[in-house]
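S.K.: Below are the sequence and a predicted model for it; my questions follow.
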Amino acid sequence: SSNSTTVRPYYTQLDPFEWEIYNPPANLEVSQNLTVKWDMPPGYDSDPYCFAYELKVTDLDGGSAKLLRIDHVTEYVFVNINPTKRHSVKVRMKLAYCEESKFWSDWSNEDFIERIHLFNAYQMLLMLAIITAVTGLLLLFVFRRYKVLETVFKPIPDPEKKFKALFEEYNGDFQ
């Protein structure tokens, strides 16, 4: 408030796009073939080509997180992800190409990639052995129950039972 100094004006150009914080992307969805899709937030008619997106993939079993930057598109296909572990996925966006924003949006709601159980060769062989053993035991039980084994494998007749006296007298030597 001193009269001795003059106030010099200061001019700067302010671009509102530079300071805008966008709403997070909507409708995040992970499909079975590990494709992640999302939509622009409601109320934005901007071209998705103008935006950069960041996916945050968290390994829920191991606790590690990885950030992936995706440009110009609203979908991503995971190729290097372990399908035997659970993961969560979130996405955020910022204006990066038509104009430039300094700030990322908040993270979207997360969606999950559920664990896929894969059979390995050891498990397959074990299952095959168990199925074979159970089937064999079941067939053996059925064959015994209905006397199929005795019908198919009839015993060779023993002449000693029919000619007992003859065998006792000659002691099996008929020469």
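M.R.: Thanks, I have the structure now.
S.K.: where does the protein have low pLDDT?
M.R.: Counting by pLDDT under 70, the chain shows low-confidence ranges at 1-3, 17, 118-119, 160, 171-175.
S.K.: Can you show me the helices along it?
M.R.: Along the chain, counting by DSSP state H, helices occupy 16-19, 121-145, 148-152, 159-162, 164-170.
S.K.: Which one, of those, ends up nearest to residue 71?
M.R.: helix 16-19 (17.4 Å; C-beta to C-beta). For every residue, glycine as well, the C-beta is placed using N, CA and C.
S.K.: Give me the contacts around that closest one.
M.R.: Contact with helix 16-19 is made by 95, 99, 100, 101, 102, 103, as judged by C-beta atoms under 8 Å, 6 or more residues apart in numbering.
S.K.: Closest to residue 151 out of these?
M.R.: The closest of those, once distances to residue 151 are taken by C-beta to C-beta, is residue 95, at 84.9 Å.
S.K.: bridging residues for that closest one?
M.R.: On DSSP bridges, the residues paired with residue 95 through beta bridges are residue 51.
S.K.: unless I'm mixing things up, it is touching residue 49, no?
M.R.: No: between residue 95 and residue 49 there is no contact under C-beta atoms under 8 Å: 11.0 Å.
S.K.: need the strands for the protein, in chain order.
M.R.: 26-30, 35-39, 51-59, 65-71, 75-77, 87-95, 111-113 (DSSP state E).
S.K.: Of those strands, which is nearest residue 133?
M.R.: strand 111-113 (37.0 Å).
S.K.: Buried residues of that closest one, list them for me.
M.R.: Using 16 or more other C-beta atoms under 10 Å as the test for burial, strand 111-113 gives 111, 113.
S.K.: Equivalent analysis for stretch 140-160, please.
M.R.: So for stretch 140-160, nothing qualifies as buried (16+ other C-beta under 10 Å).
S.K.: going forward can the numbers begin at 8, since that is how I track them
M.R.: From this message on, residue numbering opens at 8, which makes the last subject stretch 147-167.
S.K.: next one: it to chain centre, how far?
M.R.: 53 Å (C-alpha atoms, centre = their mean, to the nearest Å).
S.K.: Over to stretch 20-37?
M.R.: Per C-alpha atoms, centre = their mean, the centroid offset for stretch 20-37 relative to its chain is 31 Å.
S.K.: can you tell me how far residue 70 sits from residue 110?
M.R.: According to C-beta to C-beta, to the nearest Å, residue 70 and residue 110 sit 27 Å apart.
S.K.: more neighbours, the two?
M.R.: residue 110 (13 against 7; other C-beta atoms under 10 Å).
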